[in-house]
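Engineer: just a sequence and a predicted model for now, questions to come.
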Amino acid sequence: MSRRVNQLEQPPLTLEQLANQLPEIWQNIPQHYINNLIRTMPNRVIALRRAIRGGPTSARNVKTLKEKVDVIEIFNKDKLSVRDLAKRFGIGKTQAADIIKNKDVLLSKFHSNINVNEKRSFLREESRNIDRQCYEWFIRARSKNIPLSGTIVKTKAKEIADGLGYRTFSASEGWLQKFRTRHNIAFRTISGEAASVNSADVTTFWEKVPSIIKNYAPKNIYNADETGLFFRAVPNRTHLKRERCIGGKFSKERLTILFCVNIEGHKERPLVIGKMAKPRAFKNINVKELPVTYRWNKKAWMTGELMAE
């Protein structure tokens, strides 16, 4: 109730205003939310009793997916018995046995794009069906580099629910946040360059990395990447409150910057590439004394000559 009161456009300032608004707030609480509170009340009472007695509020030490994989790795490495695994990780023997029994399923989930810190899934059957189909659709769409906003995902989830006959399903903002958390999804600005990378090539390269670097000392293993700095561009996102979102053209004035660092954390001097040999801003400045190395070409791009240098 307090959260819904705080979300009002005009929160009550007096007790009288609060008393007048509470009935309407109560009526707008979804029935399924109230039903869930009623359904979980016995567990809440049990947890409260345990807390009063000074014991744990949960009878079972529930492990996250990542922690379960740790159990599996120790089992495979040290060949421990179920009893020893239970003692080492502070869990019951039954739980340890279940983890080993379902290790293939757990490892499959771990290597998929799922939230590895999730402990349990409390989704009901109808919610699991919607979640599964929506996630499969999401993966297909992103494999084709189709941009998906939160509104699009919620609309698709509602469409799936209607197709399955679940008329009471509400694709709310809360549902979207939990969907993102379950599947480790983040909504970000799209990078055009990243979309051109072949994931199969990336996987093949990472398999070769250990053999490539095995004969080099850590101080001689570097990672370098370049980025574009549009120093005159305004932000391409904004928070709105009851006004039109109107924007002009984005400035394309840019610098290219190359960053380089080794495994030990030693950072090389950044390389900055501009379009002019002597920009106006460099007047009366000794370029060699800048904390960066400055080079230039007509397009401010990284070239083979600059990389070789």
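Structural biologist: Great, that's in hand. Numbers count the residues shown, from 1 in each chain.
Engineer: in this protein, which helix has the most residues?
Structural biologist: The longest helix of the chain (DSSP state H) is helix 31-52.
Engineer: buried ones in it?
Structural biologist: Using 16 or more other C-beta atoms under 10 Å as the test for burial, helix 31-52 gives A47. C-beta coordinates here come from the backbone N, C-alpha and C atoms, glycine included.
Engineer: which elements pack onto that helix?
Structural biologist: Using 3 or more C-beta pairs under 8 Å, 6 or more residues apart in numbering; DSSP states H and E, no helix or strand is in contact with helix 31-52.
Engineer: can you show me the CA trace of that helix as CSV?
Structural biologist: Taking Å, rounded to 0.1, in the frame of the first residue of the first chain, the C-alpha atoms of helix 31-52 are listed here in CSV:
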residue,chain,number,x,y,z
GLN,A,31,-6.9,-9.9,-7.1
HIS,A,32,-4.0,-12.3,-8.1
TYR,A,33,-1.7,-10.2,-5.9
ILE,A,34,-4.0,-10.6,-2.9
ASN,A,35,-4.4,-14.3,-3.7
ASN,A,36,-0.7,-14.8,-3.7
LEU,A,37,-0.3,-13.1,-0.3
ILE,A,38,-3.0,-15.5,1.1
ARG,A,39,-1.4,-18.5,-0.5
THR,A,40,2.1,-17.7,1.0
MET,A,41,0.8,-16.7,4.5
PRO,A,42,1.5,-20.2,6.1
ASN,A,43,5.1,-20.0,5.1
ARG,A,44,5.4,-16.5,6.4
VAL,A,45,4.0,-17.5,9.8
ILE,A,46,6.4,-20.5,9.9
ALA,A,47,9.4,-18.2,9.1
LEU,A,48,8.2,-15.7,11.8
ARG,A,49,8.1,-18.5,14.4
ARG,A,50,11.6,-19.7,13.5
ALA,A,51,12.9,-16.1,13.7
ILE,A,52,11.3,-15.6,17.2
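Engineer: what's the spacing between it and its chain's center?
Structural biologist: The chain centroid and the centroid of helix 31-52 are separated by 30 Å under C-alpha atoms, centre = their mean, to the nearest Å.
Engineer: again, but for stretch 133-140
Structural biologist: Counting by C-alpha atoms, centre = their mean, stretch 133-140 comes out at 17 Å from the chain centroid.
Engineer: next: stretch 259-266.
Structural biologist: 25 Å.
Engineer: how about the helices in the stretch 201-309 of the chain?
Structural biologist: Assigned by DSSP state H, counting those that start in this stretch, the stretch 201-309 of the chain shows helices spanning 304-308.
Engineer: tell me the mean pLDDT for the helix or strand following the longest helix of the chain?
Structural biologist: Next helix or strand after helix 31-52 toward the C-terminus (DSSP states H and E): helix 65-78. Averaging pLDDT along helix 65-78 gives 87.
Engineer: which strands and helices sit next to helix 65-78?
Structural biologist: Contacts defined by 3+ C-beta pairs under 8 Å, 6+ apart place helix 65-78 against helix 82-89, helix 93-101, helix 103-110.
Engineer: just give the number of residues close to the residue lying closest to N262 once chain neighbours are set aside.
Structural biologist: In space, and not counting its chain neighbours, N262 is closest to Y222: 4.8 Å by C-beta to C-beta, 6 or more residues apart in numbering. By the criterion of other C-beta atoms under 10 Å, Y222 has 12 neighbours.
Engineer: next one: the one 3 residues further on
Structural biologist: D225 is flanked by 9 other residues according to other C-beta under 10 Å.
Engineer: read off the pLDDT value for it.
Structural biologist: 90.
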